[in-house]
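>>> need a 3D model of the sequence below.
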Amino acid sequence: MLSSIGIPGLILLLIITLLLFGPKKLPEIGRAVGQTLKEFKLSMKDLPPDEEEKKM
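Numbering: from 1, shown residues only. Okay, here's the model as predicted:
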């Protein structure tokens, strides 16, 4: 997903985010995104395997 953005696109995205939220809000947003991804990964490990995976 992020591999198709490239370095210039990533820099532009960071600049736009900085302008929208300001420098004080960025660490809070980063922490929230990190916690969300961590919880998502943990919940994905708890899911039972699909039926198709059981057949193989």
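>>> contacts only, for Thr17.
Counting by C-beta atoms under 8 Å, 6 or more residues apart in numbering, Thr17 touches Leu26, Ile29. Bear in mind the C-beta positions are built from the backbone N, C-alpha and C, glycine included.
>>> and it, helix, strand or coil?
Following DSSP: H, G, I helix; E, B strand; the rest coil, the label given to Thr17 is helix.
>>> so how far is Ser4 from it?
With the distance defined as C-beta to C-beta, to the nearest Å, Thr17 ends up 18 Å from Ser4.
>>> any weak-confidence spans in this structure?
For the chain, the stretches with pLDDT under 70 are 1-3, 51-56.
>>> any idea how far whichever helix in the chain runs longest is from the chain center?
Determined from DSSP state H, the single longest helix within the chain is helix 26-46. Distance of helix 26-46 from the chain centroid (C-alpha atoms, centre = their mean, to the nearest Å) equals 7 Å.
>>> so what secondary structure elements neighbour that helix?
Here helix 26-46 is seen to pack against helix 6-21 when contacts are counted using 3 or more C-beta pairs under 8 Å, 6 or more residues apart in numbering; DSSP states H and E.
>>> quick one: the helix it packs on to helix 26-46, angle?
Interaxial angle, helix 6-21 versus helix 26-46 (axes from the mean of the first three to the mean of the last three C-alpha atoms, to 10 degrees): 120 degrees.
>>> buried stuff in helix 6-21?
Judged by neighbour count (16 or more other C-beta atoms under 10 Å), helix 6-21 contains no buried residues.
>>> hey, C-alpha coordinates of that helix in CSV?
Below are the C-alpha coordinates for helix 6-21, written out as CSV (Å, rounded to 0.1, in the frame of the first residue of the first chain):
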residue,chain,number,x,y,z
GLY,A,6,7.1,7.0,-2.8
ILE,A,7,9.3,9.4,-0.9
PRO,A,8,7.9,12.7,-2.5
GLY,A,9,4.3,11.6,-1.9
LEU,A,10,5.1,10.7,1.7
ILE,A,11,6.8,14.0,2.3
LEU,A,12,3.8,15.9,0.8
LEU,A,13,1.4,13.8,3.0
LEU,A,14,3.4,14.7,6.1
ILE,A,15,3.4,18.4,5.3
ILE,A,16,-0.4,18.4,4.7
THR,A,17,-1.0,16.6,7.9
LEU,A,18,1.3,19.0,9.8
LEU,A,19,-0.7,22.0,8.3
LEU,A,20,-4.1,20.4,9.2
PHE,A,21,-3.4,19.3,12.7
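>>> before I go, just wanted to say thanks for your time.
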